[in-house]
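Participant: Have a look at this prediction, sequence included:
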Amino acid sequence: MSLVRLNIKGISYSQTQNGAYALILSEVNGERKLPIVIGAFEAQSIAIALEKEIKPPRPLTHDLFKNFADRFEITVKQVIIHKLVDGVFYSSLICERDKIEEIVDARTSDAIALALRFDAPIFTYKNILDKAGIFLKGEEEEQKTASEKQEEDIISEELLPDDIDIKSDDTDYKKLSLDELKDMLSQAVNNEDYEKAARIRDEISKRK
């Protein structure tokens with residue numbers, strides 16, 4: 001199976017779940033986006049790693065892992081999102097020490113937080129992107145101003161749980177038909193509500 005490299009596009013606030021965020025991964029040399037729902041702590045850790053100028057006074061958990069790995073000359077070479085089951089993404093860290101490669105299982109949010117700290121590339125398999133990837137309209141993307149893009153792509157010290165503006169969404173997707181779900185998915189993507197789009201996509205995936 002062929003691998004597809006991904007970049008981090010940004011992090012958006014959850015519109016439906018308290019304390020949750022949608023991590024948006026973007027296909028390199030492609031237009032598809034891969035939304036992944038993650039927790040607040042992991043979102044904060046990823047945001048801090050993206051903002052190079054933000055230095056916590058004491059190391060976060062992922063910083064501690066990086067310091068530990070550096071001390072024992074362990075390197076994370078790459079991260080692979082290798083499986084998608086019932087809306088849950090599974091990932092692996094490809095590590096190396098003394099020229100010996102090891103594969104370590106990890107939650108996707110943790111794996112990406114570590115990939116940023118090790119400057120390691122992120123990959124997924126083509127069949128996962130085919131199944132879970134979301135297309136955005138290219139023309140709408142091009143029309144956005146640079147300031148709007150910067151605002152979407154960068155979440156920094158403002159990414160704190162107390163600052164979340166939660167919008168309720170009590171929709172029971174299980175009660176909706178496949179056609180209704182597809183319409184809602186299209187609307188969520190057009191509204192750039194990636195967290196909602198990810199949940200609808202997962203419900204559609206379960207029915208296939």
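Facilitator: Nice, thanks for sending it over. Numbers count the residues shown, from 1 in each chain.
Participant: Can you tell me the centre-most residue of this structure?
Facilitator: Nearest to the mean C-alpha position of the chain, counting by C-alpha atoms, centre = their mean, stands Leu23 at 3.1 Å.
Participant: can you map out the strands along this protein?
Facilitator: Counting by DSSP state E, the chain has these strands, from start to end: 3-13, 20-27, 32-39, 75-85, 88-97, 100-107, 122-125, 134-135.
Participant: Quickly list what the residue nearest to Lys83 when sequence neighbours are not counted is bridged to.
Facilitator: If the residues on either side of it in the chain are set aside, Lys83 comes closest to Tyr90, at 3.9 Å by C-beta to C-beta, 6 or more residues apart in numbering. C-beta here means a position set from N, CA and C on the backbone, and glycine is covered the same way. When bridges are called by DSSP bridges, Tyr90 pairs up with Lys83, Arg107.
Participant: Around Tyr90, count how many other residues there are.
Facilitator: As a burial measure, Tyr90 scores 16 neighbours (other C-beta atoms under 10 Å).
Participant: doesn't Thr108 make contact with it?
Facilitator: Yes - Tyr90 is in contact with Thr108 according to C-beta atoms under 8 Å; the separation is 7.1 Å.
Participant: which residues are common contacts for the two?
Facilitator: Ile81 (C-beta atoms under 8 Å, 6 or more residues apart in numbering).
Participant: in stretch 22-37, what counts as buried?
Facilitator: Buried residues in stretch 22-37, counted by 16 or more other C-beta atoms under 10 Å: Ala22, Leu23, Ile24, Leu25, Ser26, Glu27, Arg32, Lys33, Leu34, Pro35, Ile36, Val37.
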